[in-house]
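In: Everything below, folded, please.
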Amino acid sequence: MTNEALIEFAIRAKGRAISPTGYHCGAAIVSDMGRVYTGCNLGTEDGIFNICAERVAISKMLSEGERTFTKIAVVGGMGDELVFTTPCGVCRQLISEFGTDIEIICGYEENDEIKYKAFKIDELLPEKFEL
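Out: Numbers count the residues shown, from 1 in each chain. Alright, predicted model coming up:
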């Protein structure tokens, strides 16, 4: 699957986000079996229940019995905007548990055009926690 196609899945997922802050994120994973799993950030006003889009997508993949993926697209922004967004530290650590060569595709809009920057997880989390 192309990076652009995966970003489109993440953008659609972002539209389902629930966030009292108004900052909405979407994520899309393509598994090694070729299936796409999406997630959006979900939160409550009291802050007790908050989960990132990346963790929602990974949880959905795991709950369907798949255990491996090679790339994940991430998008975010206030409302409908699409600004450069990377995974938070918790999500970076979780993603790194699936391999050091996982590709992170960060989609954003510039001059009315969807663009992206791609990173390997080791670039975003060079000294991950390991037992």
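In: Val75 falls within a strand, correct?
Out: Yes - with DSSP: H, G, I helix; E, B strand; the rest coil as the criterion, Val75 is located in a strand.
In: what's next to stretch 4-11, contact-wise?
Out: Surrounding stretch 4-11, the residues in contact under the criterion CB atoms under 8 Å, 6 or more residues apart in numbering are 26-28, 30, 36, 38, 53, 71-75, 82, 105, 107, 114, 116. For the C-beta atoms, the positions are set from N, CA and C on the backbone; glycine is no exception.
In: which of the residues you listed are buried?
Out: Buried residues within the contacts of stretch 4-11, defined by neighbour count using 16 or more other CB atoms under 10 Å: 26-28, 30, 36, 38, 53, 71-75, 82, 105, 107, 116.
In: Can you pick out the ones from those that are in helices?
Out: For these, membership in helices holds for Ala53, with DSSP state H as the criterion.
In: Out of the buried ones among the contacts of stretch 4-11, which comes closest to Gln93?
Out: Distance from Gln93 was checked for each of the buried ones among the contacts of stretch 4-11 by CB to CB. The minimum falls on Ile72, at 13.6 Å.
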